[in-house]
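**Student:** Predicted model follows, preceded by the sequence.
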Amino acid sequence: MLINSVNPAGILALAASGDDTWFNNPAIQRKLAPATLETFQMLGVSGVLTIVLGMLLGLALVTTGKRGQHANRAVYEVLSQIVNIGRSMPFIILMVALIPFTRALVGTSLGWGAACVPLTIGAIPFYARLVETAINDVDHGKVEAALMMGASDRQITWGVLVREALPTLIQSATVTLITLLSYTAMAGTVGGGGLGDLAIQYGYRQNASDVMVIVVVLIVFVVAVIQVCGDMLSRLVDHR
């Protein structure tokens, strides 16, 4: 992996012997770009999987709920409890608990690819509940009108419920992506790589304040960009 291509001992030796102030720190010069790339890779892969699978799980909750087209209390309660358990699990504990499963799935428990497994599993229940809330807020009269016109279940789900809730769903996805970004930072504490690993290894443990500050500023900037893009897209699709 890119982030492991440079010997950490060599970086520390250079930092100790040379000028380790802002942007002259070898840890920043050699590690910042690969760490940023790994964070975006984690965020991209886990974000796509979370939104797709979380949407499907949220729709299953809506469909089997008391107002759904296929109301089934037993199925809904099972799905709801799975979501509740997933949401209540602290991410750092989830990562450790999933190490055997992650290793069996991707062959290793280290690196950004391995981190995508607990990231996705931890975020799916979070987004699914947001999807359920957003779709349940859609005016039920629009569903009844579509039923009177002979709309199929698929048309009601995607043409009415999802379409009407789309601005809120995008806002929910924005919140989820920002949450995932914070999760990627925690993943760095257990070998997940990325900016979190850079901040822990070279910012905190080596007391390099410049590394820590630059990583924090970069993460804040990425959060701001995600929020602005989410707000713009939500307004763009809002036809109400």
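**Tutor:** Happy to help now that I have it. Residues are numbered from 1 along each chain as shown.
**Student:** And the pLDDT for the residue nearest the centre of the chain?
**Tutor:** Closest to where the C-alpha atoms of the chain average out (C-alpha atoms, centre = their mean) is residue 180, at 2.9 Å. At residue 180, the model reports a pLDDT of 91.
**Student:** Offset the numbering so it begins at 34, please.
**Tutor:** Noted, 34 is the first residue going forward, which turns the last one into residue 213.
**Student:** for it, what are its contacts?
**Tutor:** Contact analysis of residue 213 by C-beta atoms under 8 Å, 6 or more residues apart in numbering lists 75, 76, 79, 80, 83, 152, 156. Every residue, glycine included, has its C-beta placed from N, CA and C.
**Student:** The nearest residue to the fourth one once chain neighbours are set aside and residue 235, how far apart?
**Tutor:** If you skip the residues right next to it in sequence, residue 80 has residue 210 as its closest partner in space, 5.2 Å away by C-beta to C-beta, 6 or more residues apart in numbering. Counting by C-beta to C-beta, to the nearest Å, the gap from residue 210 to residue 235 is 26 Å.
**Student:** How about residue 100, nearest residue that isn't a chain neighbour?
**Tutor:** Excluding its sequence neighbours, the residue lying closest to residue 100 (C-beta to C-beta, 6+ apart) is residue 173, at 6.6 Å.
**Student:** ok, the one you found - how many residues close by?
**Tutor:** Per other C-beta atoms under 10 Å, the neighbour tally for residue 173 reads 10.
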